[in-house]
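Student: Turn this into a structure:
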Amino acid sequence: MKSIDVDPSNSNYASDDGVLYDKDKQTLIRFPGGKGGNFTIPDGVRTLEDDAFYGCTYLENVFLSHTVQSVGSYPFGGCTNLQSINVGGANENFKSLDGVLLRSDGYRLELLKFPNGRGGDFVITDVVGKINEFAFDGCTNLESLTIATDAVITGHAFAGCKNLKTFHVSDGDWSYKAVDGVLFDSQLFTLIRFPPKRGGEYIVPKEVRLIGESAFEGSENLEYVIVPPDVSTIKA
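Tutor: Take a look at the predicted model:
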């Protein structure tokens, strides 16, 4: 589907250039899945509905205008060729860093969505205070992540990163530590995330006491794991 057109007499909905909005064009409801290229969210739009761009595999770049105030859940999921999400400089609620979408809650920035089409390596810097659940979901081209922040990592932040080979933690007094490409807390008490691309066998370090939620999610190449005797909690 490349276009959603609404009769002008409809009292509830409107369309502009094939995109579906509410009547006042303050809420972007749905971007057609077959529409591609670059898209600028028009001035006046305040809200992106849940799944507004979901599955738009031909979409390459999105620009959020300064008027956008809220973004629903999973707005850019499945946009497999999306390279950047940029934001107007006057927007008080959202920011972009190297094409990555960030949300401000007034005192910290939350990494909301990494574009699914981007690959290679990425550094999460200390401007980020939180990594949203599913922030990197479906980023199948991503190969390595460097953590340079104490940001809170939530839920399934790295779900679907099937080609992620390694985590790094940059030098500094951070809350995280990487050992052999696997992500832990700084004390090696919790195994946070095993890179999904890794295969073969894995021996969990003897210092570990807790294996975190979704720690081995998507590790299809992993053959077996040896868990040390002092692990008391497995959330995976």
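Student: Read off the pLDDT value for Asp185.
Tutor: Predicted confidence (pLDDT) for Asp185: 95.
Student: do you know how far it is from Ser175?
Tutor: 6 Å (Cβ to Cβ, to the nearest Å). Where C-beta positions appear, they are placed from N, C-alpha and C, glycine not excepted.
Student: Give me the sheet partners of the lowest-mean-pLDDT helix or strand in the chain and which way each runs.
Tutor: Lowest on mean pLDDT, DSSP states H and E among the helices and strands of the chain sits strand 152-153, with a mean of 90. Here strand 152-153 has these sheet partners by DSSP bridges: strand 128-131 (parallel).
Student: after the strand it pairs with comes which helix or strand?
Tutor: strand 142-147 (DSSP states H and E).
Student: quick one: low-confidence ranges for this structure?
Tutor: 236 (pLDDT under 70).
Student: And the spatially most central residue of the chain, how far from Tyr54?
Tutor: The centre of the chain sits closest to Ala135, judged by Cα atoms, centre = their mean, with a distance of 1.8 Å. Going from Ala135 to Tyr54 by Cβ to Cβ gives 16 Å.
Student: again with Lys130
Tutor: The value you get for Lys130 to Tyr54, if Cβ to Cβ is used, is 22 Å.
Student: go on, Thr40?
Tutor: Applying Cβ to Cβ to Thr40 and Tyr54 gives a distance of 19 Å.
Student: The two: which is more packed in?
Tutor: Tyr54 (17 against 12; other Cβ atoms under 10 Å).
Student: got the contact list for the more buried one?
Tutor: By Cβ atoms under 8 Å, 6 or more residues apart in numbering, the residues touching Tyr54 are 33, 74-79.
Student: Go again with 10 Å.
Tutor: For Tyr54, the contact set (Cβ atoms under 10 Å, 6 or more residues apart in numbering) comprises 30-31, 33, 73-79.
Student: Just the ones of those residues in strands?
Tutor: Arg30 (DSSP state E).
Student: Now the two most distant members of the contacts of Tyr54.
Tutor: Gly33 and Ser73 (17.8 Å; Cβ to Cβ).
Student: Settle it for me: which of the two has more neighbours?
Tutor: Gly33 (17 against 12).
Student: so where does Leu28 fall, helix or strand?
Tutor: Per DSSP H and E: strand 27-30 holds Leu28.
Student: Off-centre distance for stretch 202-212?
Tutor: 26 Å (Cα atoms, centre = their mean, to the nearest Å).
Student: Likewise for stretch 158-167?
Tutor: The answer for stretch 158-167 is 12 Å, by Cα atoms, centre = their mean.
Student: now the helices: where do they sit in the protein?
Tutor: In the chain, no helices are found when defined by DSSP state H.
Student: give the contact list for Glu201.
Tutor: So Glu201 contacts 222-226 (Cβ under 10 Å, 6+ apart).
Student: swap in Asp180?
Tutor: Per Cβ under 10 Å, 6+ apart, neighbours of Asp180: 166-167, 195, 198, 202-203, 205.
Student: same thing with Lys206?
Tutor: 188, 228-231.
Student: quick one on the thing from earlier: contacts for the least confident helix or strand of the chain?
Tutor: By Cβ under 10 Å, 6+ apart, strand 152-153 touches 108, 110-111, 124, 128-133, 135, 147, 175-176, 183, 185, 192-193, 212.
Student: From those, list the buried ones, please.
Tutor: 110-111, 124, 128-132, 135, 147, 176, 183, 185, 192-193, 212 (16 or more other Cβ atoms under 10 Å).
Student: Gln69: which of those residues is nearest?
Tutor: Glu110 (14.9 Å).
Student: isn't that closest one right next to Ala151, touching?
Tutor: Yes: between Glu110 and Ala151 there is a contact under Cβ atoms under 10 Å: 8.4 Å.
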